[in-house]
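**Student:** okay, sequence plus prediction incoming.
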Amino acid sequence: MRESTERPVVKHSDRPSVPPHLWIDDPDLQPEAWFYLISKVVHSVKVAVLEAFFWIGEPLSKAELTRLFGDRQQFYLSRVGHHVDGLARCGILEVVTTRAIPGATETYYFFRHQV
């Protein structure tokens, strides 16, 4: 049994601390709190990649995704590729086909399971 119901807020020098009303085990946790928490752990490029696959509904390569996004400041090829690779490693995306292009092989990805 706990002596106190209060827990200390862990402070990180490079990140804001999570306020007590957003603690995961709080029985009064509101849906808005999840949006706050998710925005702190899920990268915006990863979300954009998933949304692109969902809305387009067909396999895409890393280069196609990069061209699709257009914003080369935020969505450059190595960043998009990093997040596609991470989604493939955790089983959300999978390689569905490859295509030989001059000097390289273009790999196409799509959802591992139907959405």
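**Tutor:** Received it, and whenever you're ready, just let me know what you need.

**Student:** show me the strands in this protein, by range?
**Tutor:** Taking DSSP state E, the strands of the chain run over residues 60-61, 93-101, 104-111.

**Student:** including mean neighbour count, distance to Gln73 and mean pLDDT, could those go into a markdown table?
**Tutor:** Where you see a C-beta, it was placed from the backbone N, CA and C, and this is true even at glycine. As requested, the strands of the chain are arranged in a markdown table below (neighbours: other C-beta atoms under 10 Å; distance: least, C-beta to C-beta, whole Å; pLDDT from 0 to 100):
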| stretch | mean neighbour count | distance to Gln73 | mean pLDDT |
| --- | --- | --- | --- |
| strand 60-61 | 20 | 20 | 96 |
| strand 93-101 | 12 | 24 | 94 |
| strand 104-111 | 15 | 23 | 94 |
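
**Student:** which one of these lies closest to Val47?
**Tutor:** Val47 lies closest to strand 93-101 among those, at 13.5 Å (C-beta to C-beta).

**Student:** helices or strands up against that closest one?
**Tutor:** Packing partners of strand 93-101 (3 or more C-beta pairs under 8 Å, 6 or more residues apart in numbering; DSSP states H and E): helix 77-89, strand 104-111.

**Student:** partner strands of that strand, parallel or antiparallel?
**Tutor:** Strand 93-101 sits in its sheet next to strand 104-111 (antiparallel), going by DSSP bridges.

**Student:** hey, C-alpha coordinates of the strand it pairs with in PDB?
**Tutor:** Provided in PDB are the C-alpha atoms of strand 104-111 (Å, rounded to 0.1, in the frame of the first residue of the first chain):
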ATOM      1  CA  ALA A 104      19.800   0.900 -57.700                       C
ATOM      2  CA  THR A 105      16.800  -1.200 -56.600                       C
ATOM      3  CA  GLU A 106      13.600   0.600 -55.700                       C
ATOM      4  CA  THR A 107      11.700  -1.100 -52.800                       C
ATOM      5  CA  TYR A 108       8.000  -0.700 -52.400                       C
ATOM      6  CA  TYR A 109       6.200  -1.000 -49.100                       C
ATOM      7  CA  PHE A 110       2.700  -1.400 -47.900                       C
ATOM      8  CA  PHE A 111       0.800  -2.300 -44.800                       C
END
